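S.K.: Sequence first, then the predicted structure, then my questions.
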Amino acid sequence: MTATYRLLITGSRSWRDRVAVAGEIGEAAGIALARGLELVVVHGDAPEGADAIAEEICRQQGIHTDRHPALWQVHGWRRAGIMRNTEMVAAGADMAAAFALPCAKPECAELPAHPTHGTSHCAETAARAGVAVTRIGPGWQQEARAA
């Protein structure tokens, strides 16, 4: 078994910045190479957004992925995402990159600005587990201004 360096990618489903995702994967690939390890990118297997971008980049570059799709039909809308995020973190990561846009849910319109909920939850779960998390995107910037 090859020793690995694991990058956890989490992000908003409407994330479109391919350059930012590629940059984080490139940084992790450099660290893995310097340490003589194989890079594995862990993500939630969403069909669009940061997960899909990461999967495409990894496929193009021959980087292995560890996909953790949410089981929406089994666990329900709210619970499935939380369970998936917890599972991804428990699977192990050396670093995490969280790509967040501002939350656009109508029910959150009156609340202070904050990042998308799933991305925020996954980043917080990873940080609590001792994983270094890089927070990227305007969702995090708005959160900092609101604090």
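M.R.: Perfect, thanks for sending it.

S.K.: Run through the chain and note the low-pLDDT ranges.
M.R.: Confidence mapping of the chain against pLDDT under 70 gives the ranges 1, 73-77, 142-147.

S.K.: Next, name the residue at the spatial heart of it.
M.R.: residue 10 (1.1 Å; CA atoms, centre = their mean).

S.K.: which element is the nearest residue to it once chain neighbours are set aside on?
M.R.: Distance criterion CB to CB, 6 or more residues apart in numbering; nearest residue to residue 10, sequence neighbours excluded, is residue 122 at 3.9 Å. To be clear about C-beta, it is placed using only N, CA and C from the backbone, and glycine gets the same treatment. Assigned by DSSP states H and E, residue 122 belongs to helix 117-128.

S.K.: Repeat that for residue 133.
M.R.: strand 132-136.

S.K.: Let me see the ranges of the strands in the chain.
M.R.: Ranges of strands within the chain are 4-11, 38-43, 64-67, 95-99, 132-136, based on DSSP state E.

S.K.: Direction included, what does the shortest one pair against?
M.R.: Strand 64-67 sits in its sheet next to strand 38-43 (parallel), going by DSSP bridges.

S.K.: mind listing what's buried in the partner strand?
M.R.: For strand 38-43, burial by neighbour count (16 or more other CB atoms under 10 Å) applies to 38, 39, 40, 41, 42, 43.

S.K.: That one vs strand 4-11, what angle?
M.R.: 20 degrees (axes from the mean of the first three to the mean of the last three CA atoms, to 10 degrees).

S.K.: quick one: strand 38-43 to helix 117-128, angle?
M.R.: Using the same axes, to 10 degrees: strand 38-43 against helix 117-128 is 140 degrees.
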